[in-house]
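Visitor: this is a predicted model, with the sequence first.
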There are 4 protein chains.
Amino acid sequence: MLNSGAVGQRDRGRLLIACRDQPGIVAAVSRFLFEHGANIVQADQHTTDPTGGRFFMRVEFDLAGLDDGLPALEREFTPVGQRFEMDWRVRLASKPKRLGIFVSREAHCLLELLWRQKAGDLPAEIALVVSNHPDQEEVARASGAPFHHVPVSADTKPGAEREQLRLLDEYGVDTLVLARYMQVLSSEFVQRWAGRAINIHHSFLPAFAGANPYEQAHKRGVKLIGATAHYVTDELDAGPIIEQDVQRVDHRYGPNDLRRIGRLVERTVLARAVGWHVDDRVLVYDNKTVVFG
Amino acid sequence: MLNSGAVGQRDRGRLLIACRDQPGIVAAVSRFLFEHGANIVQADQHTTDPTGGRFFMRVEFDLAGLDDGLPALEREFTPVGQRFEMDWRVRLASKPKRLGIFVSREAHCLLELLWRQKAGDLPAEIALVVSNHPDQEEVARASGAPFHHVPVSADTKPGAEREQLRLLDEYGVDTLVLARYMQVLSSEFVQRWAGRAINIHHSFLPAFAGANPYEQAHKRGVKLIGATAHYVTDELDAGPIIEQDVQRVDHRYGPNDLRRIGRLVERTVLARAVGWHVDDRVLVYDNKTVVFG
Amino acid sequence: MLNSGAVGQRDRGRLLIACRDQPGIVAAVSRFLFEHGANIVQADQHTTDPTGGRFFMRVEFDLAGLDDGLPALEREFTPVGQRFEMDWRVRLASKPKRLGIFVSREAHCLLELLWRQKAGDLPAEIALVVSNHPDQEEVARASGAPFHHVPVSADTKPGAEREQLRLLDEYGVDTLVLARYMQVLSSEFVQRWAGRAINIHHSFLPAFAGANPYEQAHKRGVKLIGATAHYVTDELDAGPIIEQDVQRVDHRYGPNDLRRIGRLVERTVLARAVGWHVDDRVLVYDNKTVVFG
Amino acid sequence: MLNSGAVGQRDRGRLLIACRDQPGIVAAVSRFLFEHGANIVQADQHTTDPTGGRFFMRVEFDLAGLDDGLPALEREFTPVGQRFEMDWRVRLASKPKRLGIFVSREAHCLLELLWRQKAGDLPAEIALVVSNHPDQEEVARASGAPFHHVPVSADTKPGAEREQLRLLDEYGVDTLVLARYMQVLSSEFVQRWAGRAINIHHSFLPAFAGANPYEQAHKRGVKLIGATAHYVTDELDAGPIIEQDVQRVDHRYGPNDLRRIGRLVERTVLARAVGWHVDDRVLVYDNKTVVFG
């Protein structure tokens, strides 16, 4: 699937819409854009049921002067939104998302994001890297990203989360990526970042609860190692799935080999999910996602 | 990617459009559908360039009475089509495509199509099976499909093609599938079925010209075996690509193993391509395809 | 991965060994084969731990006169086996396995096995098809396989299983394939066929217990649909895994689409697993498998 | 497929053998190892034809004192090698390969190798990075690898190659990786590094000769983007293939998107190929490879 792979085209907007499906939505939206002189670059829509289901739309469009004229456009679209009781928003492609990356000891997901961003393949800004360990400071700084070490223990967690939230605020972060961050966030924290925080975790067929999942997967003799990227919700690892993938293994792979393969799958899956999110391609409903290609 | 997997929903239509990209197309089309009371089930569009490129659209919609009212709808859409100089057509989902399958000695692609059709996974009718060999008669008849043996040699080719064309006509075939049919069709034949005939052939990295491609692939030590499904054009195997896929092999695979793997890839790739075609998901331009998911 | 794809080479044997890893095993086995004039065609081995782990070996070899001389060879190998406390056996490639296929209403897995066998890609004999429904009788008979309808209900299950066991015996079945057979077999039945009965079931990330897994998968918004082939054991769907695979889906797929994709994955995964089993490539230990490529 | 993922187990050796297939090879080799007290960790073999074809073997073994006792072991194995006219060698796992990486402007392949090495997933040493451009100096140095800028033009090529060869020598490089190095090496250079130099290049179905392959691939409407890693030979891009892979694309991908996807495939494929090479898993014959898993 595609991501725009380019930062900040001027005067390009993305209109995102969710509402009850009903006749006339596309006609009203496309007429609005036409009458305002917008060129539609890409348009995707999805309905869960054409008669009364949920309707989703993403329109990427070029409109001269949009970067300055966004407030006016939003004002004028408001009656259209009201008429269909839409949840809607317009994003400017020229304002890339600002990522805050939380990481623990393992570097692989952090490195993949830094690398893709640097290569121009992840159209976002790395605003901040935060870790409960000092290990990845050098990696972060080498890429030019600010790094903050915020230790977390059972006792210090509330204070640590306050500090984390402060940092996210200070650095203007709008998208939080848990790139193998091994601490569970509090319910308050999660709710504050609902729909804007992405996590990656391993996943297997069958699933393994509890500690040492790679040991369990080895013991069970699985033939696939997978990873799942999802939005963070209160229930651990049960948030809306954005992307999943697997890689084959066989009887020759020991637990450490499975971990190594797992790292490869995790960094790929997380980078794809973050790429789609920063392109405003992911819409959430009913604890699942619509990902427009 | 999706196919509808269902034959013949009543009153469901598919509007297919290709034209120069210009402002107002989507607005005009969606307004037309809205004002005629249609429910949009799915809509996809693609532009090669929002300023003056080529624009493609596929809208799947439900409209009460469409099965009888199609001529009226077409009449009323005509001015819209003219205004934007569209190539356009409306297809009824209730009128499944009628497949004519040409096959030589190998059964695998034929069997996959027959099986998917029977399982309800290929929303089309098997109108006819034609072969230059008698081998697959039993397979075809067991599935209930008419079978005609039309032998072809260098001398008899023109007459054989006349007979083939007559059969395609007699059985009301609208989509021709070359399911490992090993005869080259004449330029006249190909042009008559342009955009409606699908072929499958093996493909490798690198490509191998000439005879015995699997021998050559084995000699070259390739690690992937592929297949490509494409529309048939005059230039052999150079028509618009609909679908491609590969499967891994290694040094232990002999030429016969490569052939066996090739058969698996071929039948999968061809069945996908035919499935998308019969769902009217494939639009052709500039010797390539837009495949709406 | 490979399968031999060929039935019944004369004088080809497969020696299968499992024992505690210890020095000298390969030397003793290869010396034995050399001194008996065997040509090694392929040899694979695996050790879970070179110092005291479990050792597995599969040697495919040609030996003139083997088809008649097997008993003598076995007698002479016996001391080697005793010295290393091996579980071992020799299989003749000229004696293909005889499959008994149990099926319920859905044809896809049955058809895939019949098709591959007919195409020469599954080196086995279809000895028998048994179903608790009459639906697939025609499919089975069209392929030339005997079909027996053995209805099963809660009340009649013990008698039905006796009849099934009798049929497996009567037709000389040595490998049982549950090709979407929707009845749970009794513990006695399962134990009698331990290591010789293969099942296929859907699998998801995460896993879904209970009824209507495809509804649940759709509700959860999974992006992959998988299938797992495994040996049948007492604990439902928890036997040694032979093969797994997945296919991608997205938000546009409804529950019926997921079922359709699931059928494609299931038939591929089951056919691969059965192919490796009939080639004597699968060794079981500790509730998992070694699959030699 | 596996790689050892671990640097430098003491006293672990890898015996690599190629010779004409003939009875008694495995028996002789395994007896030799047994009598010298070696524990076989993994053994793989392949024959192109059991009667007179080419035979390949790789044995990974543990033997107390091997690191110091290698010359003695080699001396004692010499008669075995002579008896079967083997090409053979023993490698010490404790002596990891030393990589010299040639790169031009694009960082992706270099970064992937540096990252895997640092993560402990590529058991080798990065001895040296050489580039005809200064762009990647910072990336190389940040990872701790020496970097040398050796400009190359048509006029200066001979001198530049002398300098490159000198550097490879000075830094004790034994494996050369062309990680998107865009200069063609001279025939003399290539022959000097035959079997020890790995290149990565894009590959497509069909193949595109000439300039701007991604433009051509876009124009042709391919549905797969691939990459091939191979040993460097005199004939451009025609050396023995070590690994290939592809990724799906569709009509929405422009030439730049194809390049971006190409980068992802290239770095994965190259890293796998280098990983297998440094594990001594790749044997070359007849311009193709045996890659032991």
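Guide: Sure thing, it's come through.
Visitor: stretch A:200-218 close to chain D?
Guide: No. Shown here: stretch A:200-218 not in contact with chain D (Cβ under 8 Å from any Cβ of the partner chain), separated by at least 13.2 Å. (Each C-beta comes from the backbone N, C-alpha and C, glycine too.)
Visitor: what sits up against that stretch?
Guide: A:109, A:178-180, A:220, A:222, A:224-230, A:237, A:244, A:253-255, A:258-259, A:262, A:265-266, A:269-270, A:273, C:203-207, C:226, C:228, C:244, C:246 (Cβ atoms under 8 Å, 6 or more residues apart in numbering or on different chains).
Visitor: what's the answer for stretch A:117-128, then?
Guide: A:3-8, A:93, A:96-101, A:113-114, A:116, A:143-148, A:167-168, A:171-173, A:175, A:271, A:274-275, A:278-279, D:107-108, D:260, D:263.
Visitor: hmm, 7 Å instead?
Guide: A:4-7, A:96-101, A:113-114, A:116, A:143, A:145-146, A:148, A:167, A:171-173, A:271, A:274-275, A:278-279, D:107-108, D:260 (Cβ atoms under 7 Å, 6 or more residues apart in numbering or on different chains).
Visitor: pull out the buried residues from it.
Guide: A:117-119, A:121-128 (16 or more other Cβ atoms under 10 Å in any protein chain shown).
Visitor: can I get these in CSV with pLDDT?
Guide: Shown next, in CSV, are these (pLDDT from 0 to 100):
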residue, pLDDT
A:Q117, 94
A:K118, 89
A:A119, 88
A:D121, 92
A:L122, 95
A:P123, 95
A:A124, 97
A:E125, 98
A:I126, 98
A:A127, 98
A:L128, 98
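Visitor: quick one: which of those residues sit in helices?
Guide: A:117-118 (DSSP state H).
Visitor: tabulate the buried residues of stretch A:117-128 in CSV, adding columns for distance to C:M86.
Guide: Shown next, in CSV, are the buried residues of stretch A:117-128 (distance: Cβ to Cβ, whole Å):
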residue, distance to C:M86
A:Q117, 56
A:K118, 56
A:A119, 54
A:D121, 54
A:L122, 55
A:P123, 60
A:A124, 59
A:E125, 63
A:I126, 58
A:A127, 62
A:L128, 60
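Visitor: and A:G13, what element?
Guide: strand A:12-20 (DSSP states H and E).
Visitor: so what does whatever helix or strand comes next after that strand touch, helix or strand wise?
Guide: Along the chain past strand A:12-20, the next helix or strand (assigned with DSSP H and E) turns out to be helix A:25-35. For helix A:25-35, the packing partners by 3 or more Cβ pairs under 7 Å, 6 or more residues apart in numbering or on different chains; DSSP states H and E come out as strand A:54-62, helix A:66-83, helix B:25-35.
Visitor: mind putting these into CSV with mean pLDDT and mean neighbour count?
Guide: Shown next, in CSV, are those (pLDDT from 0 to 100; neighbours: other Cβ atoms under 10 Å in any protein chain shown):
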stretch, mean pLDDT, mean neighbour count
strand A:54-62, 96, 22
helix A:66-83, 97, 14
helix B:25-35, 96, 21
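Visitor: these: which one's closest to C:E137?
Guide: strand A:54-62 (44.2 Å; Cβ to Cβ).
Visitor: show residues contacting the closest one.
Guide: A:11-21, A:25, A:29, A:33, A:38-48, A:280-281, A:283, A:285, A:290, A:292, B:50.
Visitor: give me the element A:L113 is part of.
Guide: Counting by DSSP H and E, A:L113 is part of helix A:108-118.
Visitor: just the angle for that helix relative to helix D:108-118, thanks.
Guide: Helix A:108-118 and helix D:108-118 meet at an angle of 160 degrees, taking axes from the mean of the first three to the mean of the last three Cα atoms, to 10 degrees as the criterion.
Visitor: flag every residue of chain A that's near chain C.
Guide: A:46, A:203, A:205-207, A:220-224, A:226, A:228, A:240-241, A:243-244, A:246, A:250-252, A:288-291 (Cβ under 7 Å from any Cβ of the partner chain).
Visitor: residues near A:L224, how many?
Guide: 25 (other Cβ atoms under 10 Å in any protein chain shown).
Visitor: wait, doesn't A:L110 sit right on A:F102?
Guide: No. Using Cβ atoms under 7 Å, A:L110 makes no contact with A:F102, being 9.3 Å away.
Visitor: what's the overlap in contacts for those two?
Guide: A:A179.
Visitor: more neighbours: the two, which one.
Guide: Neighbours per residue (other Cβ under 10 Å) separate A:L110 from A:F102, with A:L110 holding more: 27 against 24.
Visitor: quick one: pLDDT of that one?
Guide: pLDDT recorded at A:L110 is 97.
Visitor: buried set for stretch A:35-45?
Guide: So for stretch A:35-45, counting by 16+ other Cβ under 10 Å, buried means A:38-45.
Visitor: so does the strand or helix carrying A:V246 get close to chain B?
Guide: Assigned by DSSP H and E, A:V246 belongs to strand A:241-248. No. Figure legend: strand A:241-248 not in contact with chain B (Cβ under 7 Å from any Cβ); closest approach 9.2 Å.
Visitor: what are the contacting residues of the lengthiest helix in chain A?
Guide: Longest helix in chain A by number of residues (criterion: DSSP H): helix A:255-278. Helix A:255-278 is contacted by residues A:1, A:3, A:96-97, A:108-109, A:112-113, A:116, A:122-124, A:175, A:177, A:179, A:198, A:200, A:202, A:214-215, A:217-218, A:225-229, A:242-247, A:249, A:282, A:291, D:2, D:5, D:121 when judged by Cβ under 7 Å, 6+ apart.
Visitor: same thing but at 6 Å, please
Guide: A:3, A:97, A:108-109, A:112, A:116, A:122, A:124, A:177, A:198, A:200, A:202, A:214-215, A:217-218, A:225, A:227, A:229, A:242-243, A:245, A:247, A:249, A:282, A:291, D:5, D:121 (Cβ atoms under 6 Å, 6 or more residues apart in numbering or on different chains).
Visitor: which strands and helices sit next to the helix or strand that comes right after that helix?
Guide: Once helix A:255-278 ends, the next helix or strand along the chain (criterion: DSSP H and E) is strand A:282-285. Packing partners of strand A:282-285 (3 or more Cβ pairs under 6 Å, 6 or more residues apart in numbering or on different chains; DSSP states H and E): strand A:288-291.
Visitor: can you pull up the bridge partners for whatever residue of the stretch 1-150 of chain A ends up closest to chain C?
Guide: Of all residues in the stretch 1-150 of chain A, A:H46 sits closest to chain C, at 6.0 Å by Cβ to the nearest Cβ. With beta bridges defined as DSSP bridges, A:H46 has these partners: A:F56.
Visitor: and it, how far from chain D?
Guide: 16 Å (Cβ to the nearest Cβ, to the nearest Å).
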